[in-house]
Structures are given as structure tokens and as C-alpha cells.
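In: Sequence plus predicted model, see below.
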Amino acid sequence: MEETPKNILTFDGTCGLCDRAVTFVMNRDKKQKFLFTPAGSETAHRLALEADMPVNITDATVVLFLGKKHFEKSSAVMEICRLLGFPWSLMTVGYLLPRFVRDALYDFVARHRYQVFSRVNTCTMETEENAWRFLS
């Protein structure tokens, strides 16, 4: 049996943008490298504690945990794209921008995500065959 992926992506389970992002990643993650957990879950909080991060950070931002490393906000988005491979890995060109610029753009989108993308009640991609990829 294949080893369980160590790439865990936290997401806002009630955000329409986050829901679409999870769908996007799952549709392009042919090697099933990613697991997903809602931001407010026990798993997300435990991972934050293990990474010496404030527990509530996973509630407000996308965090990608890669084994012992973690990436937040715009860096998480670019690392996800990098792991998805070409052509999505081209998004890592964003690393040329200073982090404060990238994260300011990320924060702007995050502040307005509910107004633009609304809220959802369930993750549209969680089905019987991929339920194992969603940690609670």
C-alpha cells in the first residue's frame, strides 16, 4: 500500500472560494499528494500546534503543511501550484514579489471572499471514493 501523503491543506469549509480551490486542486492532483482538513478542525489545530503556530491561524488563512514545514497565505498557494506540476508550477514566479506584497493581495481577496464567492454548507468534492482525503 502506498504511503499516506504528508501534504495537508487547510481550508475554510464555509467559503465558496475555498470550496472551488479544493475542487481545483483535487481535479489536478492526479498523484493524490494532498489531504484536506477544514480550518477549524482538530487536525488543523493539532498541526498548527506542532508547527509552533497560533492555533487560530488556520481559521483565517490557507495553510499548507508539508511534513515538518508549513506555508501560509500566498506562499501556500504557490507551493500548492508547485506540487501540482506544470503548467501550474509557473505560478511560483510570484516568489519574485516581496512576501508583504503577495500577502497583501492574499489578504484583500480573503477579506472579500464571502461577498464575492458566498458561503457553502458542504464541500462539493467530498464523495465516497475520495472521503479518505478529508481529515476532520
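Out: Everything's here; your move.

In: Could you list every helix and strand that the host helix or strand of Leu9 packs against?
Out: Using DSSP states H and E, Leu9 maps to strand 7-11. Where contact means 3 or more Cβ pairs under 8 Å, 6 or more residues apart in numbering; DSSP states H and E, strand 7-11 is packed against helix 16-28, strand 34-38, helix 42-50, strand 63-66, helix 73-84. C-beta: built from backbone N, CA, C; applies to glycine.

In: which residues touch the shortest one?
Out: Strand 63-66 is contacted from outside by 6-10, 39, 44, 47-48, 51, 53, 57, 70-72, 76, 79-80, using Cβ atoms under 8 Å, 6 or more residues apart in numbering.

In: Show me what counts as buried in the strand holding Leu9.
Out: Neighbour-count burial for strand 7-11 flags Asn7, Ile8, Leu9, Thr10, Phe11 (criterion: 16 or more other Cβ atoms under 10 Å).

In: wait, the second one sits on Thr37?
Out: Pointing back at Ile8 there. Yes. Taking contacts as Cβ atoms under 8 Å, Ile8 lies within contact range of Thr37: 6.0 Å.

In: can you list residues touching both of those two?
Out: Thr43, Leu47, Leu135.

In: which among these gets closest to Lys30?
Out: Nearest to Lys30 out of the shared contacts of Ile8 and Thr37 is Leu135 (Cβ to Cβ; 20.3 Å).
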